[in-house]
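Participant: the following comprises the amino acid sequence and a computationally predicted model.
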Amino acid sequence: MIHVSEQSTEYRPQAERRSPWWGVLIAVVGLAILALPIFWLAMVAAVGFSGCFLECSTPEPLTGWLAASAAFVLLCAPFLLAAAIVRRNYRMMWIVVAPVAVLLGLGVYGYLSGAL
């Protein structure tokens, strides 16, 4: 017999949710904070796909895909975090926290090792 938890099927009244304006505020502030890293990752992706920045060289599609994927994760993170906070679904925050923490950890490692 399959057991479905009550929490997943339970209706949450509006009183238990936060105002949607909190979500808008969190998303806008998050995008403002992450705008520069998203821009730089998009630039790295464009250079990786084309191979041209100041001079043209061999394109590196893997670099382009990795940078584009990281930019996509950072672009989605504020919206997912806002949805998790407005709905008060703290399990959903791990969807945001884990990928961003991995990206930050890789960035710190790359900076400390001299690769960046």
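Facilitator: Now that the structure is in, tell me what you want to look at. Numbering: from 1, shown residues only.
Participant: quick one, helices of the chain?
Facilitator: Ranges of helices in the chain, per DSSP state H, are 6-9, 20-50, 61-87, 93-113.
Participant: comparing those, which yields the minimum mean pLDDT?
Facilitator: Note on those: lowest mean pLDDT is at helix 6-9, with a mean of 51.
Participant: how many residues are close by Ala68?
Facilitator: 17 (other C-beta atoms under 10 Å). Yep, even glycine has a C-beta here, placed from its N, CA and C like the rest.
Participant: my read: it touches Ala45, true?
Facilitator: Yes: when contacts are counted by C-beta atoms under 8 Å, Ala68 is listed as touching Ala45 (4.1 Å).
Participant: report the contact partners of the spatially closest residue to Ile95 that is not a sequence neighbour.
Facilitator: Sequence neighbours aside, Leu80 is the residue nearest to Ile95 in space, at 5.8 Å (criterion: C-beta to C-beta, 6 or more residues apart in numbering). Residues counted as contacts of Leu80 (C-beta atoms under 8 Å, 6 or more residues apart in numbering) are Met92, Ile95, Val96.
Participant: so what's the residue count around the residue nearest to Cys56 when sequence neighbours are not counted?
Facilitator: Excluding the flanking residues, the one nearest Cys56 by C-beta to C-beta, 6+ apart is Ser50, at 7.8 Å. Close neighbours of Ser50, defined as other C-beta under 10 Å, add up to 13.
Participant: re the thing from before, any idea how far the residue nearest to Ile95 lies from Ser113?
Facilitator: For Leu80, the distance to Ser113 (C-beta to C-beta, to the nearest Å) stands at 30 Å.
Participant: cool, Met43 as well?
Facilitator: Noted for Met43: a distance of 21 Å to Ser113, by C-beta to C-beta.
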